[in-house]
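S.K.: give me coordinates for this.
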Amino acid sequence: MSDITFDIEFKRADKTYTPGEMVSGFVVITSKGGFSHNGITLLVDGMVQLQMSTKNTGAFEAFYNSVKPITMMNLLIEVAKPGKLPDGETKIPFEFKLAPAAGLELYTTYHGVFINIGYLIKGEMKRGFLSKDLTKNVEFIVNLPGKERVPDQKIPFHITNDSLTFNKAHKQVYTFDIEGELKSAVCDIDGALAHYEKAIELEPYNVTFTNNKATCLIKQKKYQEAVDVCTKAIEEGREHHADFESIAKAYTKIASAEAARNNLEAAIAALNASLLEKKDPIVKRELTRIEALKAKRDAAAYENPEIAEQEKNEGNKCFREGDIPKAIEHYSEAIRRAPRDPKLYSNRAGAYSKLGEMPMALKDCDKAIELDPKFAKAYTRKGYCHIQMKEYHKALDDYNEALRIDPNNAEAIGGIQSVNAAIAKNSYSQPDEEQIKHAMADPEIQNILKDPGMQQILQEMQTNPMKAQSYLNDPKVYQAFMKLRAAGIIR
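M.R.: Next up is the predicted model:
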C-alpha cells in the first residue's frame, strides 16, 4: 500500500467560528487500493501560551518561572472505529460544539510576540503492522463577538522611595514622593516626544532620555532625525561617562531606524557596534536576522538568467574535458545567478559524484527535487550516489521514483538492474561491514528492526525457515524484508 493522503476539511471556507457554534467538516482519505486501519480520531485543542522575553526575567522572574500553557478546551472525537477503507477518496464527517472546558472561557485567536491563543484539530489515523500512523494538524479561528469599547479610566499612582527597588550600583538616590494619575492607556507619540524633549533639557547628557526620544521619532518615520539624535547622544554620552548599556541601546536605535528605511548595511554596522559595548543575545539575534535579510536581498540582486546559462555551458564544457573542479566552479556561479533552476543543481551533483563527493552530490540532488519534484534525472543521479555508497535499499527507492515519473526511463531501468545484481552478489560473499554500518544508521532500517512483529519473523527465519516463508505473502512484510536484504542486513 502506498500513496495514502490524510486531510481535514472544514465546511466553512474561512474556518472562523464563534463560541457555541457547531464546527463541522470531513476527514478525507485518498488511497490507491483499499487498506485497513486501527481507528481515526480528532483531538480539538485550544490553548493560551505566554512567552515572556528573557530580558524581562529579572523583573518578572517569579512569574516567568511559573508560566504554563492554559488549556481552554481539549476534546477527543472518535471519527471511525478500526476497519477497512476502500480504493479512492473517502470522506468521513465530523461535528462538535465549540465550547470551553468547565469553568473556563474561550478567547479570540491571537498570535503575538508575548501571547499566543490558538485552536488546532489534530487528526490521527492508526495503522497496522509495519505501517506508519498518519497525522494532520489544522488550525481554525475563533472570533468572539465584538464588545463595546471600555472608556479610558484615570488611574491614580503614588511613587516613593519605599515603593521602588533600586539598583544598588547607584551611589546616590534622591528622596522623592510623586503622586499623579494616568489619564489614558493610549500612547500619544507627540505628547511623549514633547515630554522627552523637556527631560533632555533638564538632563542633556542622559542617553536613556535620548534613546526614548529616538523611539518616538522612529514611530513617526523620522528616521534620519532619530539617527542624528542617537549619534550625538553617543558622542556626548562618552564624554560624560555614560554607562555601556545606554550607549549600546543608542546603537540599536540607530539600527532600527536604518533597517526601517532599508539601509541594511548601516543597520548591521550599528548592531555590531552595540555588541561591542554590551553583549546581548537579543541584539545578536537581530543582527543574525538583518544579515540574513541582506544576504537574501543581495542574492536576488545578483540573479541573472543569461549569465547563468553562460556559466552552465562553460561548466558543461569543462565537464566534457575532464576538468571537474573547474566545472563545479562554473555550475556554482550559475546557481548563484539562477538559484531556482533545478537542472543546475543536478549538473553540479553529477560533477561532485565524479570526484567521489557523494554527500555533496546527494545534497544537490535533494535541492533539485525540492525545486522540481517531477525531475526524474535528479532521482537517477541520487540512485547512482546511493549505489556508490552501497546503500542499495535507498538506490532502489530513487530509481523506482524515477520510473513513477517516467516509466520508460532507461537510466532508472538500468540502475535497478545494477542494484539487483549487486544485491545478488552480496548473497554469496562475506558481509560488508561498511555497508551494514551505513544501513544501521538509517532511521528507516532502524524502525523495521525495532518492530516487534518483524523481530519475531526474523527469529523464525533462523529457527524455522519454511514456516517463516509464509510471512512473505504479506506485501508489507515482503517490502520490509527486501529493504533489509538490499541493505545487507539479511542475506
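S.K.: look through the chain and tell me its longest helix.
M.R.: Counting residues, the longest helix found in the chain (DSSP state H) is helix 281-302.
S.K.: show residues contacting whatever helix or strand comes next after that helix.
M.R.: Next along the chain after helix 281-302, taking DSSP states H and E as the criterion, comes helix 305-320. Counting by C-beta atoms under 8 Å, 6 or more residues apart in numbering, helix 305-320 makes contact with 324, 326-331, 333-335, 337-338, 341, 343-344, 347-348, 350-351, 354, all of which sit outside it. Every C-beta, even on glycine, is put in place using the N, C-alpha and C of the backbone.
S.K.: same question, stretch 252-263
M.R.: Outside stretch 252-263, the residues that touch it by C-beta under 8 Å, 6+ apart are 211, 214-215, 217-218, 221, 223-224, 226-227, 230-231, 264, 266-268, 270-271, 274, 283, 286, 290.
S.K.: now list the buried members of these.
M.R.: Buried by 16 or more other C-beta atoms under 10 Å: 211, 214-215, 217-218, 223, 226-227, 230, 264, 266-268, 270-271, 274, 283, 286, 290, out of those.
S.K.: among those residues, which lie within helices?
M.R.: Among these, the members falling in helices (DSSP H) are 211, 214-215, 217-218, 223, 226-227, 230, 264, 266-268, 270-271, 274, 283, 286, 290.
S.K.: if you average pLDDT over stretch 355-365, what comes out?
M.R.: Throughout stretch 355-365, pLDDT has a mean value of 94.
S.K.: so residue 356 sits in a helix?
M.R.: No - counting by DSSP: H, G, I helix; E, B strand; the rest coil, residue 356 is not part of a helix but coil.
S.K.: any idea how many residues pack against it?
M.R.: 9 (other C-beta atoms under 10 Å).
S.K.: ok, it - contacts?
M.R.: residue 388.
S.K.: roughly how far does it sit from residue 388?
M.R.: 8 Å (C-beta to C-beta, to the nearest Å).
S.K.: so where do the strands sit in this structure?
M.R.: Under the criterion DSSP state E, the chain contains strands at 5-10, 16-17, 22-31, 35-37, 40-50, 70-80, 83-85, 88-97, 110-111, 115-125, 134-142, 155-160, 177-182.
S.K.: out of the ones you listed, which gets nearest to residue 300?
M.R.: Taking C-beta to C-beta, strand 110-111 is the member of those nearest to residue 300, at 27.6 Å.
S.K.: hmm, who's touching that closest one?
M.R.: By C-beta under 8 Å, 6+ apart, strand 110-111 touches 116, 117, 118.
S.K.: do that again at 10 Å, thanks
M.R.: Under the criterion C-beta atoms under 10 Å, 6 or more residues apart in numbering, residues 48, 49, 116, 117, 118, 139, 142 lie in contact with strand 110-111.
S.K.: out of the residues you listed, which is nearest to residue 425?
M.R.: Set against residue 425, the nearest of these by C-beta to C-beta is residue 139 (52.0 Å).
S.K.: could I get the strands of the chain as a markdown table with mean pLDDT and distance to residue 205?
M.R.: Listed next are these as a markdown table, based on pLDDT from 0 to 100; distance: least, C-beta to C-beta, whole Å:
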| stretch | mean pLDDT | distance to residue 205 |
| --- | --- | --- |
| strand 5-10 | 92 | 60 |
| strand 16-17 | 91 | 53 |
| strand 22-31 | 92 | 60 |
| strand 35-37 | 82 | 73 |
| strand 40-50 | 90 | 38 |
| strand 70-80 | 91 | 46 |
| strand 83-85 | 85 | 75 |
| strand 88-97 | 92 | 63 |
| strand 110-111 | 82 | 41 |
| strand 115-125 | 91 | 38 |
| strand 134-142 | 92 | 51 |
| strand 155-160 | 75 | 24 |
| strand 177-182 | 75 | 23 |
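S.K.: closest one to residue 366 among those?
M.R.: strand 5-10 (22.1 Å).
S.K.: now the closest one: how far from the chain's centre is it?
M.R.: Distance, stretch centre to chain centre, for strand 5-10: 22 Å (C-alpha atoms, centre = their mean, to the nearest Å).
S.K.: then stretch 280-295?
M.R.: Here stretch 280-295 is found 17 Å from its chain centre; the criterion is C-alpha atoms, centre = their mean.
S.K.: same check, this time on stretch 272-282
M.R.: The chain centre lies 27 Å from the centre of stretch 272-282; the measure is C-alpha atoms, centre = their mean.
S.K.: okay, buried residues for the longest helix of the chain please.
M.R.: Buried residues in helix 281-302, counted by 16+ other C-beta under 10 Å: 283, 286, 287, 290, 294.
S.K.: please name the nearest non-neighbouring residue to the second one.
M.R.: Counting by C-beta to C-beta, 6 or more residues apart in numbering, residue 286 lies nearest to residue 271, which is 6.2 Å off, once chain neighbours are set aside.
S.K.: any idea what the nearest residue to residue 80 once chain neighbours are set aside is bridged to?
M.R.: In space, and not counting its chain neighbours, residue 80 is closest to residue 40: 4.2 Å by C-beta to C-beta, 6+ apart. Applying DSSP bridges to residue 40 gives these bridge partners: residue 80, residue 125.
S.K.: now residue 40: how far from residue 418?
M.R.: To residue 418, residue 40 is 42 Å away according to C-beta to C-beta.
S.K.: ok, those two, which is more surrounded?
M.R.: Set side by side, residue 40 and residue 418 show more neighbours around residue 40, with 23 against 16, by other C-beta under 10 Å.
S.K.: thought the more buried one was touching residue 28?
M.R.: No - shown here, residue 40 and residue 28 do not form a contact pair, counting by C-beta atoms under 10 Å, at 11.1 Å.
S.K.: now the common contact residues for these two.
M.R.: Contact with both residue 40 and residue 28 is made by residues 6, 92, 123, according to C-beta under 10 Å, 6+ apart.
S.K.: okay, stretch 219-235 in PDB with CA atoms only?
M.R.: Only the C-alpha atoms of stretch 219-235 are listed here, as PDB (Å, rounded to 0.1, in the frame of the first residue of the first chain):
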ATOM      1  CA  LYS A 219       7.400  55.700  15.200                       C
ATOM      2  CA  GLN A 220       6.900  59.000  13.300                       C
ATOM      3  CA  LYS A 221       9.100  57.700  10.500                       C
ATOM      4  CA  LYS A 222      11.600  60.400  11.000                       C
ATOM      5  CA  TYR A 223      14.500  58.000  10.600                       C
ATOM      6  CA  GLN A 224      17.300  60.400   9.800                       C
ATOM      7  CA  GLU A 225      16.400  62.600  12.700                       C
ATOM      8  CA  ALA A 226      16.500  59.500  15.000                       C
ATOM      9  CA  VAL A 227      19.900  58.600  13.700                       C
ATOM     10  CA  ASP A 228      21.300  62.100  14.200                       C
ATOM     11  CA  VAL A 229      19.900  62.300  17.800                       C
ATOM     12  CA  CYS A 230      21.400  58.900  18.800                       C
ATOM     13  CA  THR A 231      24.800  59.700  17.100                       C
ATOM     14  CA  LYS A 232      25.000  63.000  19.000                       C
ATOM     15  CA  ALA A 233      23.900  61.200  22.200                       C
ATOM     16  CA  ILE A 234      26.700  58.600  21.800                       C
ATOM     17  CA  GLU A 235      29.400  61.200  21.300                       C
END
